[in-house]
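Enquirer: Need a 3D model of the sequence below.
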Amino acid sequence: MTWPFAIIPVLPNLPLFYVLYRAYSHYKAWKASSYLLDVIESPGQLQVEASAQLDQVFAGAAGDAHGLLLTPDRAKEVVRVLGLGDEEAGELTRALTQAEARLKQAEDKIEKAKEAEEAEKAKKE
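Expert: Next up is the predicted model:
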């Protein structure tokens with residue numbers, strides 16, 4: 001009969017647990033990004049090399065309607081040429097989808113701003 005009273009102290013603390021989880025997640029992301037920055041900035045740890053295979057994939061690439069060089073077809077070719085696994089292919093596809101969505105949002109925002117500007121000009125006339 002006393003077990004319902006054991007839950008009472010936990011329920012008010014759910015927002016606290018959520019905030020603590022978010023803080024911990026942000027701390028982990030911050031530490032990971034600072035580690036990557038250290039790797040990039042330290043000489044000799046990261047070596048950039050040209051890839052003839054990628055040069056062939058992107059040779060003569062004009063980009064898509066948004067100006068992106070990496071299209072879904074080229075992403076499949078990159079996965080094939082580099083011998084990436086299913087997880088890497090999925091991440092590449094997800095990144096490409098996110099980039100396309102952000103470009104679409106930016107284009108929509110620009111289009112709405114132009115429409116608002118034209119409407120304001122029409123009101124002035």
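Enquirer: for the longest helix along the chain, which positions count as buried?
Expert: Longest helix in the chain by number of residues (criterion: DSSP state H): helix 86-124. If you call a residue buried by 16 or more other C-beta atoms under 10 Å, then helix 86-124 has these buried ones: 89, 92, 96, 100. From N, CA and C alone the C-beta is placed, and that goes for glycine too.
Enquirer: State the pLDDT value of the last one.
Expert: The predicted local confidence for E100 comes out at a pLDDT of 89.
Enquirer: Thought L68 was touching it, still the case?
Expert: Yes - with contact defined as C-beta atoms under 8 Å, E100 counts as touching L68 (7.1 Å).
Enquirer: got any ranges where the chain has weak pLDDT?
Expert: For the chain, the stretches with pLDDT under 70 are 1-11, 61-66.
Enquirer: Let me see the domain layout of it.
Expert: Domain segmentation of the chain under automatic domain parsing yields 1-48, 50-125.
Enquirer: What's the local residue count around P72?
Expert: Applying other C-beta atoms under 10 Å, we find 13 residues neighbouring P72.
Enquirer: Do I have it right that it meets L96?
Expert: Yes - between P72 and L96 there is a contact under C-beta under 8 Å: 6.6 Å.
Enquirer: which one is V78 nearest to, not counting chain neighbours?
Expert: Among residues not flanking V78 along the chain, V57 sits closest, at 5.8 Å (C-beta to C-beta, 6 or more residues apart in numbering).
Enquirer: Buried residues in the helix or strand hosting the one you found, which are they?
Expert: Here V57 sits within helix 52-58, counting by DSSP states H and E. Across helix 52-58, burial judged by 16+ other C-beta under 10 Å covers V57.
Enquirer: hmm, back to that, list the helices and strands the longest helix of the chain packs on?
Expert: Helix 86-124 is packed against helix 72-82, with contacts defined by 3 or more C-beta pairs under 8 Å, 6 or more residues apart in numbering; DSSP states H and E.
Enquirer: Residues in contact with stretch 96-104: which ones?
Expert: Stretch 96-104 has contacts (C-beta atoms under 8 Å, 6 or more residues apart in numbering) with 66, 68, 70-72, 75.
Enquirer: No further questions, thank you.
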